[in-house]
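In: The following block contains a protein sequence and its predicted model.
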Amino acid sequence: MDRKGKFGMVAATFVLAAAAGQYMQSGDAAATAALAPRAVPRPAVAAVAPTAMAMPAVPELAHVTPVSFTLAADASDADRIAAAAPDCRPRITLDPAPGAMLALRLLAPCSAGERVVVQSNGLSFTGQTDAAGRLALALPAMHDPAVVTVRLPGGARASATAAVPELAELHRVALQWVAPDAFRLAALQFGAAYGSAGEVSAARPGQPAAPAEATGGFLTELGDAEGLRPMRAEVYTVPRALTRAGKVAVTVEAPVTLATCGRKLHGQFLVVGRSEPTEVVLAMPACGGGAIGQAVALTGLAPDFVVAAR
């Protein structure tokens, strides 16, 4: 610690009283008389009296309050101070769940109520911590082993890995975007029509299950819709082998709303097993002409999956 002191300097002026004394001349009177042809009278020299001058008062210094510092007496005091400070390091845990899912738990005590970004092998979405800096969610693994990183404001981050061998038994695709752009992912299983029991979408998401017990696929919605620039994603999963064989058609749609009309939407389509995502750019219809409330379907983007019966 640097310590800086301030020193004040007081200049005191002292006045010396000067006294002029009488000038006296002495000598040999006889010698003087012999040298001088005649006596020369000398004027009398008046004595000068010392003049007394009053000493000016030296101003008093203003009262200064001393500042004291308390320093740690030894290392043990410093240790106690450090122990009392909060541990702000974020920590996450990953636990495998049925359907090649991961249960993520984040603890970030110094990041309460903050926006975070979750990244998992190409998949990215935002979340929000609670008042204690905690976040819990389920996310589909996109790779085995899965690597998950949570990024917090200010540059802090926490990472974890988990083995997901069950992923090899599944088909899995994902679509991600940043609001106000918006997309929808749906799957028509085994020749089902829109709105039927065989459709899997955000309205009919299904439930994660172990591949050996699943009777169909399921959809997972990811990302907090609130906050600054929400990053969203939808992920569809279906086992490669079910009790019922057939084709699963995956569709991608973009709803026409006041936030999306007349704009270009940008997203990414990911397929487990592919190293690179597919960029999605979609020009939306103009805001007039009755397009609001409709949807634009993208064809040829998502692969059709063939499910072979067990």
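Out: That came through fine.
In: Go ahead and confirm residue 239 touches residue 214.
Out: Yes. Counting by C-beta atoms under 8 Å, residue 239 touches residue 214, with 4.8 Å between them. All C-beta atoms are positioned from the backbone trio N, CA, C, and that covers glycine.
In: Tell me which of those two has more neighbours.
Out: residue 239 (25 against 22; other C-beta atoms under 10 Å).
In: what about the closest residue to that one other than its chain neighbours, distance to residue 242?
Out: With sequence-adjacent residues excluded and distances taken as C-beta to C-beta, 6 or more residues apart in numbering, residue 239 is closest to residue 211, at 4.1 Å. For residue 211, the distance to residue 242 equals 9 Å [C-beta to C-beta, to the nearest Å].
In: Equivalent analysis for residue 174, please.
Out: Here residue 174 is placed at a distance of 21 Å from residue 242 (C-beta to C-beta).
In: of those two, who's got more company?
Out: More neighbours surround residue 174 than the other of residue 174 and residue 242, with 24 against 21 (other C-beta under 10 Å).
In: I'd like to know the beta-bridge partner residues of the more buried one.
Out: As for beta bridges, residue 174 partners with residue 235, residue 270 under DSSP bridges.
In: I'd say it and residue 270 touch.
Out: Yes. Counting by C-beta under 8 Å, residue 174 does reach residue 270; the two are 4.4 Å apart.
In: what's the overlap in contacts for these two?
Out: Listed as contacting both residue 174 and residue 270 by C-beta atoms under 8 Å, 6 or more residues apart in numbering are 123, 142.
In: List the pairing partners of the helix or strand harbouring residue 221 within its sheet, with orientation.
Out: Per DSSP states H and E, residue 221 falls inside strand 218-222. With DSSP bridges as the test, strand 218-222 is paired with strand 231-239 (antiparallel).
In: Spatially nearest residue to residue 210 (excluding sequence neighbours)?
Out: residue 98 (4.5 Å).
In: From residue 115, how far off is that neighbour?
Out: On the measure of C-beta to C-beta, residue 98 and residue 115 end up 29 Å apart.
In: Quick one: name whatever helix or strand follows the strand or helix carrying residue 267.
Out: Secondary structure from DSSP H and E places residue 267 in strand 264-271. Going down the chain from strand 264-271, the next helix or strand is strand 278-283, by DSSP H and E.
In: Report the strands that pair with that next one, each with its relative direction.
Out: Applying DSSP bridges, strand 278-283 is found paired with strand 264-271 (antiparallel).
In: still on that earlier bit, which one's more surrounded, residue 98 and residue 115?
Out: In terms of neighbours (other C-beta under 10 Å), residue 115 is the more surrounded of residue 98 and residue 115; the figures are 19 against 14.
In: Mind listing the residues bridging to that one?
Out: Going by DSSP bridges, residue 115 forms beta bridges with residue 128.
In: do the same with residue 307
Out: residue 246.
In: Could you check how far the residue nearest to residue 191 when sequence neighbours are not counted is from residue 184?
Out: Leaving out its chain neighbours, the residue that sits closest to residue 191 by C-beta to C-beta, 6+ apart is residue 246, at 6.5 Å. Per C-beta to C-beta, residue 246 is found 23 Å from residue 184.
In: so who does residue 117 touch?
Out: In this structure, residue 117 makes contact with 124-127, 150-151, 231, judged by C-beta under 8 Å, 6+ apart.
In: wait, residue 271
Out: 172-174, 278, 303.
In: now do 6 Å
Out: Going by C-beta atoms under 6 Å, 6 or more residues apart in numbering, residue 271 touches residue 173.
In: is it fair to say residue 287 lies in a strand?
Out: No. The assignment for residue 287 (DSSP: H, G, I helix; E, B strand; the rest coil) gives coil, which keeps it out of a strand.
In: I'd say it and residue 260 touch.
Out: No. Counting by C-beta atoms under 6 Å, residue 287 does not reach residue 260; the two are 9.3 Å apart.
In: out of the two, which sits in the busier spot?
Out: Using other C-beta under 10 Å as the criterion, residue 287 and residue 260 rank with residue 260 on top: 23 against 14.
In: Let me know the secondary structure of the more buried one.
Out: coil.
In: With residue 261 as the reference, measure out to the nearest residue to it once chain neighbours are set aside.
Out: Nearest non-adjacent residue to residue 260, counting by C-beta to C-beta, 6+ apart: residue 284, 5.3 Å away. Here residue 284 is placed at a distance of 6 Å from residue 261 (C-beta to C-beta).
In: How about residue 87?
Out: Distance, residue 87 to residue 261, using C-beta to C-beta: 48 Å.
In: Which one's more surrounded, those two?
Out: residue 261 (17 against 10).
In: For that one, give me its contacts.
Out: Residue 261 makes contacts with 284, 287, as judged by C-beta under 6 Å, 6+ apart.
In: now it: how far from residue 158?
Out: Distance from residue 261 to residue 158, by C-beta to C-beta: 39 Å.
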